Each structure stands twice: as structure tokens, then as C-alpha cells.
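**Student:** Quick one: sequence plus predicted model below, questions after.
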Amino acid sequence: MAEIRPFRAIRYSKDVVLDDVVTPPYDVINGEQQKAFYEQSKVNFIRIDLGYQYEADTPSNNRYTRARQTMMDWIATGVLAIDSEPALYFHEQTFKNEAGLEMTRKGFFATIRLAEYEEGIVLPHERTLKGPKIDRLNLMKESECHLSPVFFLYDDPERVVDNALASQTAPIADVMTADGIRHVLWKITDPKAIEIAKQFVDKDAVLIADGHHRYETALAYRQHRRDSAIEKDDNAPYEFALGFFVNFRDPGLAVFGTHRVVHSLDTFDYPSMIDKIKSRSDFEVTEIDTTDAEGVRSKLAEAGDKYPSFALLTSTTKPVMVSYIGTTDSDLFDAQTPDDVRVLDVAILHEGIFDRMLGISKSVQEAKTNLKYIKGFDDAFNMRTKSENQLIVLMNATKVEQVDAVCRSGGKMPQKSTFFYPKVLSGLLINPA
């Protein structure tokens with residue numbers, strides 16, 4: 001089944017203040033944040049992971065070639081250094097969940113042997129988009145590194161791996177980011193602890209929680225390197241990807257909802273959409289008797305405990321709760337959609353309402369032509385006040401058990417179905433490939 005290994009990470013030297021150089025993952029950084037990270041430090045990781053693009057860029061001088069040059073310069077001058085021996089890297093992130101309660105998520109970094117999805121060793125659960133994979137593959141070809149990990153889940157009911165890797169030594173990184181999250185990292189070189197983790201994780205398949213694009217990019221990069229290799233080498237660095245592994249049973253594992261905003265849809269007619277939903281016996285539609293964010297959040301969670309549910313908001317109407325009370329054999333779903341996907345609110349929304357009622361096809365959904373995805377309940381709730389936003393859909397979080405069921409069924413959720421919180425920082429560790 002899965003095969004994990006310790007690795008020699010490239011990381012910032014002890015003379016660099018990590019608080020000044022680490023960043024969130026590239027895909028959640030906007031232009032304003034990118035500029036701020038550039039200005040924060042001349043050795044901020046943004047200069048490698050998400051460099052500026054310029055109109056004068058050429059095939060030989062662009063954001064990807066500059067990333068490689070920057071990384072080589074930093075290695076040459078001691079800003080970055082490669083560890084002298086292979087290790088696993090134990091990681092804790094302490095944060096507050098959406099209810100304001102403090103939690104700590106534990107996991108570890110390792111490399112994992114790449115496998116095609118069809119092999120049943122690495123199990124995905126979400127559809128991916130073409131654009132991000134092209135960007136990341138171009139960057140991987142130039143940097144010859146995995147710059148960010150894929151987030152995997154494994155099952156360890158007794159928490160054997162966490163107990164083996166927990167370290168009493170001083171951490172090699174301890175960062176408090178502006179969002180109030182503490183990120184602590186330990187280097188684990190004890191052979192016995194590494195072997196316990198390796199044997200436990202290797203006995204089963206692993207699930208991709210976050211980073212489907214990064215994993216599929218790693219597969220494409222592996223093929224690129226195989227095509228140019230002088231001879232076959234099953235243990236070459238490009239046969240492995242950087243992973244962050246978290247126990248499925250970790251009490252600090254948090255999943256938040258990702259909310260939807262419909263905009264710029266020429267044919268959008270809210271009353272007509274509500275009438276279509278009400279006309280079907282498999283939906284229950286009720287007006288929500290509160291208009292404040294906390295009240296709607298509470299009502300949504302309560303409804304979600306009974307049926308797959310989501311709340312609909314516009315700038316001119318009262319909030320409405322939509323609950324799916326039908327069965328998995330409904331004609332709302334595509335014929336190939338597995339039952340484990342049909343019970344999910346995101347599938348009901350995307351297949352039953354976006355596609356069949358609003359005419360937002362799967363290809364348009366993937367292109368995000370008429371959809372925006374918002375992380376954060378309050379942020380999404382407040383978007384109802386903007387007239388250009390035609391419809392706000394507030395979601396409950398997908399349960400980890402549901403993600404597991406979908407992965408093992410071979411099905412795929414719509415994109416942005418899960419939001420595992422918090423994100424893993426970029427710039428803590430780089431894996432040469």
C-alpha cells in the first residue's frame with residue numbers, strides 16, 4: 001500500500017527569522033498580500049512560490065526561471081540549507097475553530113511514493129482544475145522541488161504514530177502568524193520512531209484531504225523526469241512527493257464549510273429558482289426567522305444534523321433554508337454519481353440546483369465563470385450586501401467520515417467541497433525532487 005520515507009529537507013537557516021519569510025499557500029494569496037510579502041523581507045518565500053509576473057517576461061526570464069535563480073542564490077549564500085540526514089518532521093498547529101475554541105492539530109511531514117489513483121493507494125475526493133496544475137508544473141520543472149506538501153489523512157485509532165513522533169527536544173521552528181495560529185515543527189531522526197510511523201502508515205491507503213492539484217502536478221512532473229531519465233530508477237527523488245500526514249482520528253482535525261457566491265448569470269431569477277425547488281417533493285424549503293449571521297449559522301447547523309442543508313441569501317430577500325429530504329435514486333443526480341456523493345449537500349447543490357435549475361454546467365462551474373468560493377461564514381454572509389452578488393449559499397462543513405466514504409467509493413465531490421483548517425504554511429520545508 002502507501003510507502004512513506006524520511007527525507008532531507010531544504011529549509012531556512014537558523015539565522016533567518018521565520019516569522020518574516022513564511023507564507024500561506026500560494027492559492028489563497030491575493031495580489032495585495034503578495035505585494036506585502038515581497039515588502040516584508042528580501043528572502044520571503046513568496047519570491048520562490050508566487051513570484052511577480054511582468055509584461056516583459058520571456059521564455060528564458062519569467063516567474064519560474066526567477067524562482068529557480070532565487071532559490072539557487074539563497075542556497076549559495078546560506079539563506080537556505082539542506083539537512084544533513086533524512087528525517088520526519090513532526091508538526092503542531094494551535095488555532096481557534098469557528099466557535100472560538102482552541103484546538104491543536106498534529107501531523108508530520110514525510111515523502112510518499114507517487115501512485116496513480118487507479119492503483120487504490122492514494123485516494124482523491126475532489127475534481128481538479130487545469131489552470132493551477134499548469135502553473136505548478138512549470139514551477140516544479142524549474143525549481144526541481146516540491147515547494148508545498150499534499151495534505152493526507154491516515155487512520156490511527158490508538159494514535160500510535162503521534163505518540164512515537166512526539167518529541168521532548170527543542171523545536172526547529174516556532175512561528176505565530178498574523179491570524180493567531182501557532183506553528184511548531186520538530187525534526188525527528190530517531191530510527192525507531194521513524195520505523196513505527198513508516199510501518200503503520202504503509203499498511204493502508206491514504207486519503208488526499210487537500211492538495212489534489214499539487215498531487216496531480218507531482219504525477220505529471222514524475223512523468224516529465226522519467227521521459228528525460230538516462231535509465232529507470234524507482235527510488236529517484238521525483239518518484240516521491242512531499243506530504244503532510246494527519247491522523248483521521250486527531251481531535252484537532254477541523255473541517256470548515258466553503259460557501260458559494262453566484263454572480264454575473266444573465267438568466268438568474270431568484271423567485272423562479274425557489275419555485276422550482278419547492279415544486280419538487282425531495283426538497284423542504286423554509287424561511288429562516290432570523291437575519292443575523294450567528295442566528296443563520298445556528299439554524300444551518302441544526303438543519304444539517306437532520307438532512308443535507310444549505311441556506312440561500314440575497315440582498316433583497318429573507319434567508320431561506322433548503323433541506324434535501326429525498327433519496328439517492330433521484331433524477332437530480334448524474335447517473336455515474338455514487339451514492340456516497342449523492343448524500344452530500346455540495347453534490348445536491350452543484351448537480352441539482354446549479355446545473356439543472358440555474359443552467360450552470362459542470363464545465364462552467366469548473367471555470368468559475370459564475371461562481372466564487374468564500375472561506376469564512378461571516379465573510380460569505382456579508383457578501384449578500386453587494387448588489388453584483390446574485391445569490392449567497394452558506395454551507396455546513398463536510399464531515400471527515402463523508403470524505404473517507406467518498407474516497408473509498410471512487411467518487412469525486414465538486415471542487416471546493418472541503419476546507420481543512422488551518423492551512424499548512426509554505427516555506428517551512430522544501431523537498432528536492
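**Tutor:** Thanks, I have it. As the structure is a prediction and not an experimental result, all values here were calculated from the model.
**Student:** where does the stretch 1-150 of the chain have low pLDDT?
**Tutor:** Along the stretch 1-150 of the chain, the model assigns pLDDT under 70 to residues 129.
**Student:** which residues in it form strands?
**Tutor:** 4-5, 10-12, 80-82, 88-96, 102-113, 122-123, 145-146, 150-154 (DSSP state E, counting those that start in this stretch).
**Student:** Let me know which of the ones you listed is tucked in deepest.
**Tutor:** Scoring the strands of the stretch 1-150 of the chain by mean neighbour count under mean count of other C-beta atoms under 10 Å gives strand 150-154 as the most buried, with a mean of 25. C-betas here are computed from N, CA, C, even on glycine.
**Student:** Note down every partner strand of that one and its orientation.
**Tutor:** As defined by DSSP bridges, the strand partners of strand 150-154 come to strand 206-210 (antiparallel), strand 240-247 (parallel).
**Student:** Now Pro86, what are its backbone angles?
**Tutor:** phi -60, psi 150 (degrees, to the nearest 10).
**Student:** Kindly report the same for Glu284.
**Tutor:** phi -120, psi 120.
**Student:** Tell me which residues touch the closest residue to Gly211 other than its chain neighbours, please.
**Tutor:** Closest residue to Gly211 apart from its sequence neighbours, by C-beta to C-beta, 6 or more residues apart in numbering: Val150 at 3.7 Å. Neighbouring residues of Val150 by C-beta atoms under 8 Å, 6 or more residues apart in numbering: 112, 208, 210-211, 214-215, 218, 241-244.
**Student:** Just put the residues you listed in TSV and tack on distance to Ile274.
**Tutor:** Output for those, formatted as TSV (distance: C-beta to C-beta, whole Å):
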residue	distance to Ile274
Ile112	46
Ile208	36
Asp210	34
Gly211	37
Arg214	39
Tyr215	39
Ala218	44
Ala241	45
Leu242	46
Gly243	44
Phe244	42
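**Student:** Please report which of those residues has the highest neighbour count.
**Tutor:** In terms of neighbour count, Gly243 stands highest of the contacts of Val150 at 29 neighbours, by other C-beta atoms under 10 Å.
**Student:** bridging residues for that residue?
**Tutor:** With DSSP bridges as the criterion, Gly243 is bridged to Ala110, Val150.
**Student:** Quick check: the gap between it and Val122.
**Tutor:** The gap separating Gly243 from Val122 is 9 Å, by C-beta to C-beta, to the nearest Å.
**Student:** and for these two, which residues touch both?
**Tutor:** By C-beta under 8 Å, 6+ apart, the residues touching both Gly243 and Val122 are 112, 152, 206.
**Student:** TSV please, covering those residues and showing distance to Leu344.
**Tutor:** Output for the shared contacts of Gly243 and Val122, formatted as TSV (distance: C-beta to C-beta, whole Å):
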residue	distance to Leu344
Ile112	27
Phe152	21
Val206	21
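**Student:** which among those residues gets closest to Ala236?
**Tutor:** Each of these was scored against Ala236 by C-beta to C-beta, and Ile112 proved nearest at 14.2 Å.
**Student:** was I right about the closest one contacting Ile4?
**Tutor:** Yes: judged on C-beta atoms under 8 Å, Ile112 makes contact with Ile4 at a distance of 5.1 Å.
**Student:** thinking again about what came up before, in CSV: the strands of the stretch 1-150 of the chain, plus distance to Leu137.
**Tutor:** Shown next, in CSV, are these (distance: least, C-beta to C-beta, whole Å):
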stretch, distance to Leu137
strand 4-5, 23
strand 10-12, 20
strand 80-82, 22
strand 88-96, 25
strand 102-113, 18
strand 122-123, 18
strand 145-146, 12
strand 150-154, 14
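**Student:** List just the one of these that sits closest to Val320.
**Tutor:** Of those, nearest to Val320 by C-beta to C-beta is strand 88-96, at 29.8 Å.
**Student:** And the helices in the protein?
**Tutor:** 31-40, 46-49, 63-76, 130-143, 160-165, 191-201, 212-228, 270-278, 293-304, 339-342, 345-347, 362-367, 377-382, 400-409 (DSSP state H).
**Student:** could these go into TSV alongside distance to Val320?
**Tutor:** Shown next, in TSV, are the helices of the chain (distance: least, C-beta to C-beta, whole Å):
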stretch	distance to Val320
helix 31-40	34
helix 46-49	41
helix 63-76	44
helix 130-143	33
helix 160-165	43
helix 191-201	45
helix 212-228	32
helix 270-278	7
helix 293-304	10
helix 339-342	22
helix 345-347	14
helix 362-367	22
helix 377-382	14
helix 400-409	24
